[in-house]
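> Test case, fold it:
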Amino acid sequence: MRTITLFRIFLLGTLCAVASFGADNSLGTWKLNVAKSTFSPPQLVKSLTTRREASGQGVKVTTTGEFTDGTPIESGYSAKYDGTPAPVDGTAWDTISIKQVDADTFTTETRRTGGKYHATAQVKVSADGKTMTVAANGTNVDGKPFSSTSVYEKQ
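Sure, this is the predicted structure:
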């Protein structure tokens, strides 16, 4: 009887560990709060909405918005959380790799094949699940350094 009880405790613990590792608190629709975000050099984005959906062992991301000059923004990708580069459409970069640290934290690397663009970022969802902050550093398409802290609010 004691062996069965220990096995049940072990099984429950294993299931909880697997479930918590597979969790992703970044899923949902997020809107960029431009006023709370910082960009160096200054960003030319007027609005940005990102929808993050579970997709296999990763995420499918669709982003829409508008630049300050009225030009529309539309991009998207599907990527696994294993650090493997995945293609991206509609941005300055053409690949992204993502690694999941925990349910609230991810690291990303974006690149432009054959170009100067390269960036790394940390994505962090707040404890209350209402805010997602993306801190990025890198080199833009012109080869100049940039940094940003983008603050998104859950919709």
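> wait, His118 sits on Val141?
No - between His118 and Val141 there is no contact under C-beta atoms under 8 Å: 10.1 Å. No exception for glycine: its C-beta is placed from N, CA and C like everyone else's.
> who touches both of these two?
With contacts taken as C-beta atoms under 8 Å, 6 or more residues apart in numbering, His118 and Val141 have Arg112 as neighbours in common.
> higher neighbour count, those two?
Legend: neighbour count by other C-beta atoms under 10 Å for His118 and Val141, higher for His118 (15 against 12).
> Does that one have any beta-bridge partners, and if so which?
Beta-bridge partners recorded for His118 (DSSP bridges): Arg111, Thr139.
> and Ser147, backbone torsions?
Dihedral pair for Ser147: phi -150, psi 150, per degrees, to the nearest 10.
> wait, isn't it in contact with Asn137?
Yes - the pair Ser147 / Asn137 is scored as a contact, 4.8 Å apart, by C-beta under 8 Å.
> Please tell me how far Arg112 sits from Asp104.
Distance from Arg112 to Asp104, counting by C-beta to C-beta, to the nearest Å: 28 Å.
> what do you get for Pro145?
From Pro145 to Asp104 the distance is 28 Å (C-beta to C-beta).
> Those two - which one has more neighbours?
Between Pro145 and Asp104, Asp104 has the larger neighbour count (other C-beta under 10 Å), namely 17 against 10.
> Per-residue pLDDT of that one, please?
For Asp104, the pLDDT comes out at 98.
> what do you get for Ala92?
We have a pLDDT of 88 for Ala92.
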